[in-house]
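Chemist: need a structure here:
(2 chains)
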Number of protein chains: 2
Amino acid sequence: MTQNIYDDPTFFAAYSRLPRSVRGLEGAPEWPSLRALLPALSVKRVLDLGCGFGWFCRWAHAQGAVRVVGVDVSQRMLERARAESSTAAIEYVQADLQLYDYPEAQFDVVYSSLALHYLENLAATLQGVQRALSPGGRFVFSVEHPLFTAPAQPGFIDHPAAGDRSHRTWPVDGYLDEGPRTTHWLAPGVIKQHRTLASYLRLLRAAGLTLEQLEEWGPSAQHIEQHPEWRDELQRPAFLLVACRRA
Amino acid sequence: MTQNIYDDPTFFAAYSRLPRSVRGLEGAPEWPSLRALLPALSVKRVLDLGCGFGWFCRWAHAQGAVRVVGVDVSQRMLERARAESSTAAIEYVQADLQLYDYPEAQFDVVYSSLALHYLENLAATLQGVQRALSPGGRFVFSVEHPLFTAPAQPGFIDHPAAGDRSHRTWPVDGYLDEGPRTTHWLAPGVIKQHRTLASYLRLLRAAGLTLEQLEEWGPSAQHIEQHPEWRDELQRPAFLLVACRRA
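Modeler: Here you go, the predicted model:
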């Protein structure tokens, strides 16, 4: 069973203060790029894996989705999601994404934002996604980029050999050594699963999901103008955004 | 026009001493993985882009390929390739891979080893590959991995913050900043083109080439046993290996 760090009180309190928790989708800089990978949701049945506070579920409902199911392992997050939702068209389910009983061909779109890199058994979840999608259905997700999850000690460093001192360097090690990484992110002892980009593609293919688009996300020039402190983020992508189709 | 560094006497002399130049395909540690992506070549028509000394062309001929064309920009390399070939079934053509007049639907397999990361206009070459392939034909290639081409100063460093002192760290910067990189590899001033992995996939898709397999190559445990000095190579992939199919 995957660690449920989101129900850790320290982590939950810190996570609740992030811009993406306070401001929702608009507080996530990668959201416009992820949204661009989605088909129109009007009259669609939508499944959100790792729905958290339910921001995407409510947005999908507002876009005209006829049925929205949000799944998350965190009781605390689902409590708030349920409290902020006032429609029977959105259903929230508490489950580990690896153990959730994916219903067959019940959804036109499956979505997941920054959840899958916590899963030990991604193959099981992707098989569930394939089963849950109707033929031709779309799967759009983001994860932390493998360059982000690889290092034992993620964090920018000053690289004395670099000629250009205007930026710093992202030290990569262990990229080909897949498996758990224990990091301090909002709380100590957060366990993420590092996979190579090749492994993500192989697992999708093995599950019967055909790659349509892949983006390695970094901030735009406009982002940098608004947030000069994000400049280092141009040195390596923070997020991997992927769109697939059920064959 | 792309730099033709292989005809530079200093570079050519150093390149000629590499294991892959002296021993051929067996001197390239990634060759078994690249070979595994290839279909059987018996009775196939094969095009090799960046054929160099012709090792692959001769191997393809030995595998039963009925026609083999090797293209390279380097006069010096083609001279040696022609001198070492004794069959009319292998034809060598001197051309820039971006300007070569790709004949329509004349090949069942297009192959390229460590050549495409020199090209400024990869889109033109991929359109040529698509044109040259018969429907259903395969395109198998390797390039230096984007993690390898990205840094301004490629090379392992000691990372003082790393807990595990048994390995070193690959400093990544400029990953999202695509374009030329001038490095010292065998000779000063070698110009390679850095592209993100997402860009490789996007360019293939745009050219009508469907991704089938993708591998981020690093040495195996057996390689490390034979070459303990390759241990650092496990920290990041050196090569990107790709197999596609013409739709």
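Chemist: would you mind listing what in chain A touches chain B?
Modeler: Proximity of chain A to chain B (C-beta under 8 Å from any C-beta of the partner chain) is limited to residues A:147, A:151-153, A:155, A:157, A:159, A:161-164, A:167-177, A:196-198, A:201-202, A:211, A:213-216, A:218, A:234-237. The C-beta positions use only the backbone N, C-alpha and C, and glycine is treated the same way.
Chemist: at 7 Å instead, please
Modeler: A:147, A:152-153, A:157, A:159, A:161-164, A:167, A:169-177, A:196-198, A:201, A:211, A:214-216, A:218, A:234-237 (C-beta under 7 Å from any C-beta of the partner chain).
Chemist: ok, of those residues, which come out buried?
Modeler: Among the residues of chain A next to chain B, the ones that count as buried by 16 or more other C-beta atoms under 10 Å in any protein chain shown are A:147, A:152-153, A:157, A:159, A:162, A:167, A:169-176, A:196-198, A:201, A:211, A:214-216, A:218, A:234-237.
Chemist: OK, contacts around the residue nearest to the spatial centre of chain A?
Modeler: Nearest to the geometric centre of chain A sits A:L114, at 1.7 Å (C-alpha atoms, centre = their mean). Shown in contact with A:L114 (C-beta atoms under 7 Å, 6 or more residues apart in numbering or on different chains): A:142-144.
Chemist: let's see which of these end up in strands.
Modeler: Mapping these onto strands (DSSP state E) picks out A:142-144.
Chemist: now the strands for chain A?
Modeler: Going by DSSP E, chain A shows strands at A:45-49, A:67-72, A:90-94, A:107-113, A:133-144, A:170-172, A:179-185, A:187-194, A:209-217, A:239-246.
Chemist: from A:P219, how far out is A:E225?
Modeler: Separation of A:E225 from A:P219 (C-beta to C-beta, to the nearest Å): 10 Å.
Chemist: neighbour-wise, which of those two wins?
Modeler: Comparing A:E225 with A:P219 by other C-beta atoms under 10 Å in any protein chain shown, the one with more neighbours is A:P219, at 20 against 10.
Chemist: doesn't A:R231 make contact with the more buried one?
Modeler: No. Here A:P219 lies out of contact with A:R231, judged by C-beta atoms under 7 Å, at a distance of 8.2 Å.
Chemist: what about the closest residue to A:A28 other than its chain neighbours, how many residues nearby?
Modeler: Spatial nearest neighbour of A:A28, chain neighbours left out: A:R20 (4.2 Å); criterion: C-beta to C-beta, 6 or more residues apart in numbering or on different chains. Neighbours of A:R20 under the rule other C-beta under 10 Å: 19.
Chemist: so what pLDDT did A:R20 get?
Modeler: Note for A:R20: predicted pLDDT of 92.
Chemist: what about it, distance to chain B?
Modeler: 21 Å (C-beta to the nearest C-beta, to the nearest Å).
Chemist: distance check, that residue against A:K192.
Modeler: Distance of A:R20 to A:K192, computed by C-beta to C-beta: 17 Å.
Chemist: same check on A:H61?
Modeler: Applying C-beta to C-beta to A:H61 and A:K192 gives a distance of 30 Å.
Chemist: what residue ranges in chain A score low on pLDDT?
Modeler: When residues are selected by pLDDT under 70, those of chain A lie in A:1, A:159-167.
Chemist: give me that answer again for 80
Modeler: In the predicted model of chain A, residues A:1-2, A:158-167 satisfy pLDDT under 80.
Chemist: in it, which spans are helices?
Modeler: Remark: helices assigned in chain A by DSSP state H are A:9-15, A:19-22, A:31-37, A:55-62, A:75-83, A:122-132, A:146-149, A:197-206, A:221-226.
Chemist: tell me which of those lies nearest to B:V71.
Modeler: helix A:197-206 (28.0 Å; C-beta to C-beta).
Chemist: my guess is A:T169 contacts B:W170, does it?
Modeler: No. Judged on C-beta under 7 Å, A:T169 makes no contact with B:W170 at a distance of 9.7 Å.
Chemist: run through who's touching stretch A:215-228.
Modeler: For stretch A:215-228, contacts defined as C-beta under 7 Å, 6+ apart pick out A:29-30, A:33, A:145, A:230-231, A:233-234, A:237-241, B:176, B:196-198.
Chemist: repeat that for stretch A:119-128.
Modeler: Contacts for stretch A:119-128 (C-beta under 7 Å, 6+ apart): A:2, A:97-98, A:100, A:102, A:116, A:193, A:203-204, A:206-207, A:209.
Chemist: turn these into JSON lines, including neighbour count.
Modeler: Shown next, in JSON lines, are the contacts of stretch A:119-128 (neighbours: other C-beta atoms under 10 Å in any protein chain shown):
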{"residue": "A:T2", "neighbour count": "18"}
{"residue": "A:L97", "neighbour count": "23"}
{"residue": "A:Q98", "neighbour count": "17"}
{"residue": "A:Y100", "neighbour count": "20"}
{"residue": "A:Y102", "neighbour count": "22"}
{"residue": "A:L116", "neighbour count": "24"}
{"residue": "A:Q193", "neighbour count": "20"}
{"residue": "A:L203", "neighbour count": "17"}
{"residue": "A:L204", "neighbour count": "22"}
{"residue": "A:A206", "neighbour count": "12"}
{"residue": "A:A207", "neighbour count": "21"}
{"residue": "A:L209", "neighbour count": "25"}
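Chemist: grab the nearest non-local neighbour of A:E215.
Modeler: Closest residue to A:E215 apart from its sequence neighbours, by C-beta to C-beta, 6+ apart: A:L241 at 4.2 Å.
Chemist: which residues does that neighbour bridge with?
Modeler: For A:L241, the beta-bridge partners under DSSP bridges are A:S142, A:E215.
Chemist: ok, for A:F156, nearest residue in space, not its chain neighbours?
Modeler: Closest to A:F156 by C-beta to C-beta, 6+ apart is A:R168, at 4.1 Å.
Chemist: right, and that neighbour touches A:E229 too?
Modeler: No. Counting by C-beta under 7 Å, A:R168 does not reach A:E229; the two are 11.9 Å apart.
Chemist: which of the two has more residues huddled nearby?
Modeler: Between A:R168 and A:E229, A:R168 has the larger neighbour count (other C-beta under 10 Å), namely 17 against 7.
Chemist: which residues does that one contact?
Modeler: So A:R168 contacts A:156-159, A:232 (C-beta under 7 Å, 6+ apart).
Chemist: what two of those are the furthest from one another?
Modeler: A:H159 and A:D232 (11.7 Å).
Chemist: on that earlier part again, could you name every residue contacting both of A:R168 and A:E229?
Modeler: Taking C-beta under 7 Å, 6+ apart as the criterion, A:R168 and A:E229 do not both touch any residue.
Chemist: off-centre distance for stretch A:86-100?
Modeler: Relative to the chain's own centre, stretch A:86-100 is displaced by 16 Å; criterion: C-alpha atoms, centre = their mean, to the nearest Å.
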